[in-house]
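Student: Sequence and predicted structure are below.
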Amino acid sequence: MIKMPKSIFTTIILTILPAFALSKTLSTNYQHAEHTIELSAKEGNQQDIVEFYESGKLIGKYSNLIINETSLSSTLVRLAGGGLALEIDSNGSRNKFHIIVPIKVVANKLYVNCIYKTAYDSVDEVRSVGTSCKKTDLGKFDVSGAINDDGMISYSNKPTWLKTISLPACVNPVGLDYGTYHAARCSDKGISDSMNQIITIFDKNGNVVFSISGYEFIPQANGLNFALIADLQTESIFFGGNLLCLSGNDSAAHIRDGTAKIASQFTVGYTVGAINGCLKGHYAYAGKSESISLNGYKDDDLIYLLEIGERNVSTGFFILNHLDHTARGVWIGSPPKEALTVN
């Protein structure tokens, strides 16, 4: 059985009151065990003040999160599938960073754990990605200090394995080494493009683990964990993954079968099981014989399942807060599209 913590859906409300402007409200469903959180962000005398509430009780008040400058900005964003994050963008004359910082809530305490970064050097025309992790109280988080190259790896055209792999329709790929894996990045619009790129992950033997379009691949230092990030019009996408869970064809134990609806229209049947901390299975649309492979893992309160089809190309993924005989969460396509409800 895939066990999930006892939890409830909660509503988060984000209100920003900039000077000389009407208030703006952002609402989202946020899943966290035993927590009901109402969030509001209000501007103080000199800068934005962010206040977090739980069941009407103030649990945190911060003046260090919201920045609105010419070369540096930060704002709170809703994450597809549940949760909030701080989104940071720098627009320097040379380096342009885009950063996602998920906000964690445990026992009425707010903190950040990892910072997921992508940067483009417009002078050398180099794309770098990476993660820096250190548990930090939200009140001590330094937005401007997040703009650095800690934990970042640069793509280049120098890896010898680029000459031995097959990337159809990719003229000038760049690559990076990540543990025993390799990541290739390709875009017809060049390395500065952060919307149309195709990321392909290879194992040490040159086999394709998966390929996905429109997402930035953000590796962690351990050589296995990673994130896929992208921006939508109304929210941001953060998908957590583990390459070990995407490799191999081991049979999963503790199988669970169930059905769910995507966007209240498409009925799917699924089978998912657990093995060695990973989740593996498949799903199929009602009336269709073709099944789509599912591979992923559970992190905190969320389940991340990447769907992998023919030629190991991913056409999307699930972010779920419940998985048993029923499933609840969202499905998001590749290239990135608005999240569709799963229930």
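Tutor: That came in fine, so what should we check first?

Student: Where does the one residue sitting closest to the centre of the chain fall, secondary structure wise?
Tutor: Geometric centre of the chain, nearest residue: F238, 1.5 Å, by C-alpha atoms, centre = their mean. Assigned by DSSP states H and E, F238 belongs to strand 236-242.

Student: how about the CA coordinates for that strand, as PDB?
Tutor: Only the C-alpha atoms of strand 236-242 are listed here, as PDB (Å, rounded to 0.1, in the frame of the first residue of the first chain):
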ATOM      1  CA  SER A 236       4.700  28.100 -11.700                       C
ATOM      2  CA  ILE A 237       5.500  24.400 -12.200                       C
ATOM      3  CA  PHE A 238       7.900  22.500  -9.900                       C
ATOM      4  CA  PHE A 239       8.300  18.800 -10.400                       C
ATOM      5  CA  GLY A 240      10.600  16.800  -8.200                       C
ATOM      6  CA  GLY A 241      12.400  13.700  -9.500                       C
ATOM      7  CA  ASN A 242      15.000  11.100  -8.800                       C
END
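
Student: What is that strand packed up against?
Tutor: Packed against strand 236-242 by the contact rule (3 or more C-beta pairs under 8 Å, 6 or more residues apart in numbering; DSSP states H and E) you find strand 84-90, strand 95-106, strand 225-231, strand 292-299, strand 302-308. Every C-beta, even on glycine, is put in place using the N, C-alpha and C of the backbone.

Student: quick one, that strand and strand 84-90 angle?
Tutor: 100 degrees (axes from the mean of the first three to the mean of the last three C-alpha atoms, to 10 degrees).

Student: For strand 236-242, give me every contacting residue.
Tutor: Residues outside strand 236-242 that contact it (C-beta atoms under 8 Å, 6 or more residues apart in numbering): 77-81, 83, 85, 87, 100, 102, 116, 215, 224-231, 278, 296-297, 299, 302, 304, 306, 317, 319, 332, 336, 339.

Student: Now do the next helix or strand after it: which elements does it pack against?
Tutor: Later in the chain than strand 236-242, the nearest helix or strand by DSSP H and E is helix 243-246. Applying 3+ C-beta pairs under 8 Å, 6+ apart, we find helix 243-246 packed against strand 208-213, strand 278-285, strand 292-299.

Student: Now do the buried residues in stretch 62-71.
Tutor: Residues Y62, N64, L65, I66, I67 are the ones in stretch 62-71 that count as buried (16 or more other C-beta atoms under 10 Å).

Student: Check the separation of the first and last residues in stretch 258-278.
Tutor: End-to-end distance for stretch 258-278: 18 Å, by C-alpha to C-alpha, to the nearest Å.
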